[in-house]
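Chemist: Build me a model:
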Amino acid sequence: MNTVTHPTFGPGGNSESFYNEGLKSTLQAPAWLVKKGLDAYEYQAGNGLTAGETTLRKIGEEAKKHGILMSLHTPYFISLSGIEEEKRLKSIDYISRSLHAADCLGADTIVIHTGSAAKITREEAMALAADTLTKNLEVNGNTTIRMGLETMGKINQLGTLDEVLTLCKLSPLYCPVVDFGHLNARNIGGYFPDCDSYRAVFDQIGTTLGDEYAYNLHCHFSKIEYTKAGEKKHLTFEDTVYGPTFEPLAEAIVREGVAPRIICESAGTMAEDAFAMKQMWLVAKGA
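Modeler: Numbers count the residues shown, from 1 in each chain. Next up is the predicted model:
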(Lines give C-alpha, C1' and ligand atoms only; values in the text may rest on other atoms or scores of the structure.)
Protein backbone atom coordinates (compact mmCIF):
# COMPACT_ATOMS: atom_id res chain seq x y z
CA MET A 1 0.00 0.00 0.00
CA ASN A 2 0.95 3.62 -0.57
CA THR A 3 2.65 5.00 2.56
CA VAL A 4 2.57 8.69 1.66
CA THR A 5 0.45 10.99 3.79
CA HIS A 6 -0.66 13.43 1.11
CA PRO A 7 -2.16 13.20 -2.39
CA THR A 8 0.29 12.65 -5.24
CA PHE A 9 -0.14 13.70 -8.85
CA GLY A 10 1.29 12.71 -12.20
CA PRO A 11 0.56 11.86 -15.84
CA GLY A 12 -0.42 8.68 -17.58
CA GLY A 13 2.33 8.53 -20.18
CA ASN A 14 4.32 11.42 -21.61
CA SER A 15 2.79 14.80 -22.42
CA GLU A 16 3.24 16.47 -25.79
CA SER A 17 5.40 19.04 -24.00
CA PHE A 18 7.81 16.27 -22.94
CA TYR A 19 8.60 15.58 -26.59
CA ASN A 20 8.36 19.24 -27.60
CA GLU A 21 11.19 19.96 -25.16
CA GLY A 22 13.37 17.53 -27.08
CA LEU A 23 13.08 14.52 -24.80
CA LYS A 24 12.58 11.14 -26.41
CA SER A 25 12.81 8.35 -23.85
CA THR A 26 10.66 7.50 -20.83
CA LEU A 27 14.00 7.03 -19.06
CA GLN A 28 14.05 10.84 -18.98
CA ALA A 29 10.54 11.17 -17.57
CA PRO A 30 11.23 10.90 -13.80
CA ALA A 31 13.75 13.79 -13.76
CA TRP A 32 11.45 15.83 -16.00
CA LEU A 33 8.44 15.23 -13.74
CA VAL A 34 10.29 16.45 -10.67
CA LYS A 35 11.12 19.69 -12.48
CA LYS A 36 7.41 20.03 -13.26
CA GLY A 37 6.48 19.67 -9.60
CA LEU A 38 4.96 16.19 -9.94
CA ASP A 39 5.52 12.98 -7.99
CA ALA A 40 3.78 10.09 -9.79
CA TYR A 41 3.82 8.40 -13.19
CA GLU A 42 1.73 5.69 -14.82
CA TYR A 43 3.60 3.65 -17.41
CA GLN A 44 1.37 3.01 -20.40
CA ALA A 45 1.32 -0.53 -21.75
CA GLY A 46 -2.20 -0.31 -23.15
CA ASN A 47 -1.11 -1.42 -26.60
CA GLY A 48 1.07 -4.20 -25.19
CA LEU A 49 4.31 -4.56 -23.29
CA THR A 50 7.04 -3.79 -25.79
CA ALA A 51 9.93 -2.54 -23.64
CA GLY A 52 12.50 -5.06 -22.49
CA GLU A 53 13.28 -5.92 -18.89
CA THR A 54 16.55 -3.96 -18.92
CA THR A 55 14.80 -0.78 -20.05
CA LEU A 56 12.01 -1.19 -17.52
CA ARG A 57 14.50 -1.65 -14.69
CA LYS A 58 16.40 1.48 -15.76
CA ILE A 59 13.16 3.48 -15.73
CA GLY A 60 12.42 2.07 -12.28
CA GLU A 61 15.86 3.10 -11.05
CA GLU A 62 15.32 6.64 -12.33
CA ALA A 63 11.90 6.80 -10.70
CA LYS A 64 13.30 5.66 -7.36
CA LYS A 65 16.18 8.14 -7.60
CA HIS A 66 13.78 11.03 -8.20
CA GLY A 67 11.04 9.95 -5.79
CA ILE A 68 8.43 9.25 -8.48
CA LEU A 69 5.70 6.77 -7.47
CA MET A 70 5.10 4.30 -10.28
CA SER A 71 2.09 2.38 -11.57
CA LEU A 72 1.46 0.50 -14.81
CA HIS A 73 -1.57 0.35 -17.09
CA THR A 74 -2.00 -3.17 -18.44
CA PRO A 75 -2.85 -3.97 -22.08
CA TYR A 76 -6.31 -2.91 -23.26
CA PHE A 77 -6.90 -6.32 -24.82
CA ILE A 78 -7.24 -7.93 -21.41
CA SER A 79 -10.89 -8.95 -21.06
CA LEU A 80 -11.91 -10.46 -17.75
CA SER A 81 -15.43 -11.13 -19.05
CA GLY A 82 -14.65 -12.38 -22.57
CA ILE A 83 -17.09 -15.00 -23.81
CA GLU A 84 -14.36 -17.05 -25.54
CA GLU A 85 -12.79 -18.96 -22.66
CA GLU A 86 -9.37 -19.38 -24.29
CA LYS A 87 -9.03 -15.63 -24.88
CA ARG A 88 -10.47 -14.82 -21.46
CA LEU A 89 -8.01 -17.03 -19.63
CA LYS A 90 -5.18 -15.63 -21.76
CA SER A 91 -5.82 -12.45 -19.78
CA ILE A 92 -4.23 -14.12 -16.78
CA ASP A 93 -0.98 -14.47 -18.72
CA TYR A 94 -1.11 -10.78 -19.65
CA ILE A 95 -1.67 -9.91 -15.98
CA SER A 96 1.36 -12.06 -15.06
CA ARG A 97 3.51 -10.26 -17.60
CA SER A 98 2.22 -6.90 -16.40
CA LEU A 99 3.07 -7.77 -12.79
CA HIS A 100 6.61 -8.69 -13.84
CA ALA A 101 6.95 -5.41 -15.75
CA ALA A 102 5.58 -3.51 -12.75
CA ASP A 103 8.12 -5.22 -10.51
CA CYS A 104 10.92 -4.10 -12.86
CA LEU A 105 9.55 -0.54 -12.77
CA GLY A 106 9.23 -0.53 -8.99
CA ALA A 107 5.50 0.05 -9.49
CA ASP A 108 3.14 -0.79 -6.64
CA THR A 109 -0.07 -0.93 -8.70
CA ILE A 110 -1.23 -2.25 -12.05
CA VAL A 111 -4.46 -1.03 -13.64
CA ILE A 112 -6.74 -3.56 -15.36
CA HIS A 113 -9.81 -2.96 -17.53
CA THR A 114 -12.68 -5.06 -16.22
CA GLY A 115 -14.21 -6.18 -19.53
CA SER A 116 -17.27 -5.89 -21.71
CA ALA A 117 -20.95 -6.57 -21.15
CA ALA A 118 -21.98 -5.81 -24.74
CA LYS A 119 -23.09 -9.27 -25.92
CA ILE A 120 -24.16 -10.80 -22.61
CA THR A 121 -26.04 -9.67 -19.53
CA ARG A 122 -24.20 -7.76 -16.84
CA GLU A 123 -24.79 -10.67 -14.47
CA GLU A 124 -23.14 -13.08 -16.92
CA ALA A 125 -20.25 -10.66 -17.47
CA MET A 126 -19.72 -10.30 -13.73
CA ALA A 127 -19.73 -14.09 -13.27
CA LEU A 128 -17.09 -14.50 -16.00
CA ALA A 129 -14.95 -11.68 -14.59
CA ALA A 130 -15.15 -13.18 -11.09
CA ASP A 131 -14.11 -16.57 -12.50
CA THR A 132 -11.12 -15.02 -14.31
CA LEU A 133 -10.03 -13.10 -11.23
CA THR A 134 -10.39 -16.18 -9.02
CA LYS A 135 -8.27 -18.24 -11.40
CA ASN A 136 -5.79 -15.36 -11.58
CA LEU A 137 -5.20 -15.67 -7.84
CA GLU A 138 -4.04 -19.26 -8.36
CA VAL A 139 -1.27 -17.92 -10.61
CA ASN A 140 -0.56 -14.47 -9.19
CA GLY A 141 -1.78 -14.72 -5.61
CA ASN A 142 1.68 -14.25 -4.13
CA THR A 143 2.31 -10.81 -5.59
CA THR A 144 2.81 -7.78 -3.36
CA ILE A 145 1.67 -5.47 -6.18
CA ARG A 146 -1.90 -4.19 -6.06
CA MET A 147 -4.06 -5.36 -8.94
CA GLY A 148 -6.34 -2.42 -9.65
CA LEU A 149 -9.72 -2.85 -11.32
CA GLU A 150 -10.77 0.29 -13.18
CA THR A 151 -14.17 1.94 -13.41
CA MET A 152 -15.01 2.26 -17.10
CA GLY A 153 -16.56 4.96 -19.26
CA LYS A 154 -18.78 3.15 -21.77
CA ILE A 155 -22.19 1.93 -20.66
CA ASN A 156 -21.73 -1.50 -22.33
CA GLN A 157 -18.51 -2.11 -20.38
CA LEU A 158 -18.28 -3.66 -16.97
CA GLY A 159 -17.02 -1.08 -14.55
CA THR A 160 -19.60 0.77 -12.51
CA LEU A 161 -18.28 1.56 -9.06
CA ASP A 162 -20.58 -1.09 -7.57
CA GLU A 163 -19.31 -3.72 -10.02
CA VAL A 164 -15.67 -2.90 -9.36
CA LEU A 165 -16.13 -3.02 -5.60
CA THR A 166 -17.96 -6.36 -5.85
CA LEU A 167 -15.04 -7.85 -7.81
CA CYS A 168 -12.51 -6.36 -5.38
CA LYS A 169 -14.13 -8.33 -2.56
CA LEU A 170 -12.63 -11.50 -4.11
CA SER A 171 -9.22 -10.76 -2.58
CA PRO A 172 -7.36 -8.03 -0.67
CA LEU A 173 -4.95 -7.98 -3.65
CA TYR A 174 -7.66 -6.39 -5.80
CA CYS A 175 -8.26 -2.70 -5.31
CA PRO A 176 -10.50 -0.17 -7.05
CA VAL A 177 -9.07 2.28 -9.54
CA VAL A 178 -11.61 5.07 -9.77
CA ASP A 179 -11.61 6.99 -13.04
CA PHE A 180 -13.81 9.96 -12.22
CA GLY A 181 -14.04 11.02 -15.86
CA HIS A 182 -15.23 7.53 -16.80
CA LEU A 183 -17.91 7.52 -14.11
CA ASN A 184 -19.12 10.93 -15.24
CA ALA A 185 -19.19 9.83 -18.90
CA ARG A 186 -21.03 6.55 -18.34
CA ASN A 187 -23.67 8.49 -16.41
CA ILE A 188 -23.98 11.01 -19.28
CA GLY A 189 -22.55 13.88 -17.27
CA GLY A 190 -23.44 15.75 -14.11
CA TYR A 191 -22.37 12.85 -11.90
CA PHE A 192 -20.03 14.96 -9.76
CA PRO A 193 -21.74 18.32 -9.27
CA ASP A 194 -20.21 19.09 -5.87
CA CYS A 195 -17.84 18.05 -3.11
CA ASP A 196 -20.34 15.68 -1.47
CA SER A 197 -20.76 13.66 -4.69
CA TYR A 198 -17.01 12.99 -4.69
CA ARG A 199 -16.94 12.29 -0.96
CA ALA A 200 -19.61 9.63 -1.49
CA VAL A 201 -17.13 7.63 -3.62
CA PHE A 202 -14.53 7.56 -0.85
CA ASP A 203 -17.22 6.73 1.72
CA GLN A 204 -18.58 3.84 -0.36
CA ILE A 205 -15.11 2.38 -0.85
CA GLY A 206 -14.31 2.67 2.85
CA THR A 207 -17.59 1.07 3.85
CA THR A 208 -17.31 -1.77 1.32
CA LEU A 209 -13.61 -2.65 1.42
CA GLY A 210 -12.10 -0.82 4.40
CA ASP A 211 -10.82 2.66 5.10
CA GLU A 212 -7.28 1.90 3.88
CA TYR A 213 -8.63 1.34 0.35
CA ALA A 214 -10.27 4.76 0.40
CA TYR A 215 -7.21 6.42 1.93
CA ASN A 216 -4.79 4.97 -0.63
CA LEU A 217 -7.15 5.15 -3.63
CA HIS A 218 -5.54 5.02 -7.06
CA CYS A 219 -7.40 7.42 -9.35
CA HIS A 220 -7.56 8.56 -12.94
CA PHE A 221 -8.87 11.99 -13.77
CA SER A 222 -9.57 13.76 -17.04
CA LYS A 223 -12.41 15.59 -18.70
CA ILE A 224 -14.13 13.25 -21.14
CA GLU A 225 -16.53 13.88 -24.00
CA TYR A 226 -19.48 11.49 -23.99
CA THR A 227 -22.49 10.42 -26.04
CA LYS A 228 -25.57 8.47 -25.02
CA ALA A 229 -23.31 5.38 -25.08
CA GLY A 230 -20.92 6.93 -22.57
CA GLU A 231 -17.25 7.81 -23.12
CA LYS A 232 -16.25 9.17 -26.53
CA LYS A 233 -12.81 10.77 -26.10
CA HIS A 234 -10.51 12.33 -23.54
CA LEU A 235 -10.24 16.12 -23.49
CA THR A 236 -8.00 18.66 -21.75
CA PHE A 237 -8.69 21.01 -18.87
CA GLU A 238 -9.49 23.67 -21.48
CA ASP A 239 -12.87 21.97 -21.87
CA THR A 240 -15.81 23.81 -20.30
CA VAL A 241 -18.61 21.59 -21.62
CA TYR A 242 -18.22 17.99 -20.50
CA GLY A 243 -16.31 17.86 -17.21
CA PRO A 244 -16.06 16.73 -14.54
CA THR A 245 -14.37 19.57 -12.66
CA PHE A 246 -11.57 18.91 -10.22
CA GLU A 247 -12.04 21.68 -7.64
CA PRO A 248 -14.84 19.85 -5.76
CA LEU A 249 -12.68 16.69 -5.70
CA ALA A 250 -9.79 18.69 -4.27
CA GLU A 251 -12.12 19.87 -1.50
CA ALA A 252 -13.36 16.29 -0.95
CA ILE A 253 -9.78 15.02 -0.60
CA VAL A 254 -9.09 17.63 2.09
CA ARG A 255 -12.34 17.04 3.97
CA GLU A 256 -12.02 13.23 3.84
CA GLY A 257 -8.37 13.39 4.93
CA VAL A 258 -7.30 10.90 2.25
CA ALA A 259 -4.08 10.59 0.23
CA PRO A 260 -5.00 9.30 -3.24
CA ARG A 261 -2.64 9.01 -6.18
CA ILE A 262 -4.20 10.88 -9.07
CA ILE A 263 -3.06 10.06 -12.59
CA CYS A 264 -4.10 12.54 -15.25
CA GLU A 265 -5.19 11.15 -18.62
CA SER A 266 -5.90 14.39 -20.45
CA ALA A 267 -5.35 14.36 -24.21
CA GLY A 268 -1.73 15.46 -24.60
CA THR A 269 -1.60 17.78 -21.58
CA MET A 270 -1.38 15.13 -18.87
CA ALA A 271 1.53 16.68 -16.95
CA GLU A 272 0.21 20.24 -17.17
CA ASP A 273 -3.25 19.25 -16.00
CA ALA A 274 -1.80 17.03 -13.26
CA PHE A 275 0.10 20.06 -11.95
CA ALA A 276 -3.08 22.15 -12.18
CA MET A 277 -4.82 19.57 -9.99
CA LYS A 278 -2.00 19.70 -7.48
CA GLN A 279 -2.38 23.50 -7.30
CA MET A 280 -6.14 23.17 -6.80
CA TRP A 281 -5.55 20.74 -3.93
CA LEU A 282 -3.05 23.13 -2.32
CA VAL A 283 -5.62 25.92 -2.54
CA ALA A 284 -8.30 23.66 -1.05
CA LYS A 285 -6.11 22.78 1.94
CA GLY A 286 -5.19 26.42 2.44
CA ALA A 287 -1.50 25.97 1.73
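Chemist: where along the chain do the strands fall?
Modeler: 8-11, 40-44, 69-73, 109-113, 146-150, 174-179, 218-221, 224-227, 230-234, 261-264 (DSSP state E).
Chemist: Check which helices and strands the last one is in contact with.
Modeler: What it means is strand 261-264. strand 8-11, strand 40-44, strand 69-73, strand 218-221, helix 270-284 (3 or more CB pairs under 8 Å, 6 or more residues apart in numbering; DSSP states H and E). All C-beta atoms are positioned from the backbone trio N, CA, C, and that covers glycine.
Chemist: got a list of what the nearest residue to residue 231 once chain neighbours are set aside touches?
Modeler: Leaving aside its chain neighbours, residue 231 sits nearest to residue 153 (2.9 Å; criterion: CB to CB, 6 or more residues apart in numbering). By CB atoms under 8 Å, 6 or more residues apart in numbering, the residues touching residue 153 are 159, 179, 181-183, 185-186, 224, 226, 230-231.
Chemist: now residue 48
Modeler: 75, 77.
Chemist: okay, it: pLDDT?
Modeler: On pLDDT, residue 48 comes in at 89.
Chemist: gap between the closest residue to residue 60 other than its chain neighbours and residue 205?
Modeler: Nearest residue to residue 60 in three dimensions, chain neighbours excluded: residue 106, at 3.9 Å (CB to CB, 6+ apart). Here the criterion is CB to CB, to the nearest Å. By it, residue 106 lies 25 Å from residue 205.
Chemist: Would you mind telling me which of those two has the busier surroundings?
Modeler: Between residue 106 and residue 205, residue 205 has the larger neighbour count (other CB atoms under 10 Å), namely 24 against 17.
Chemist: burial of the residue nearest to the more buried one when sequence neighbours are not counted, as a residue count?
Modeler: Spatial nearest neighbour of residue 205, chain neighbours left out: residue 214 (4.3 Å); criterion: CB to CB, 6+ apart. Per other CB under 10 Å, the neighbour tally for residue 214 reads 23.
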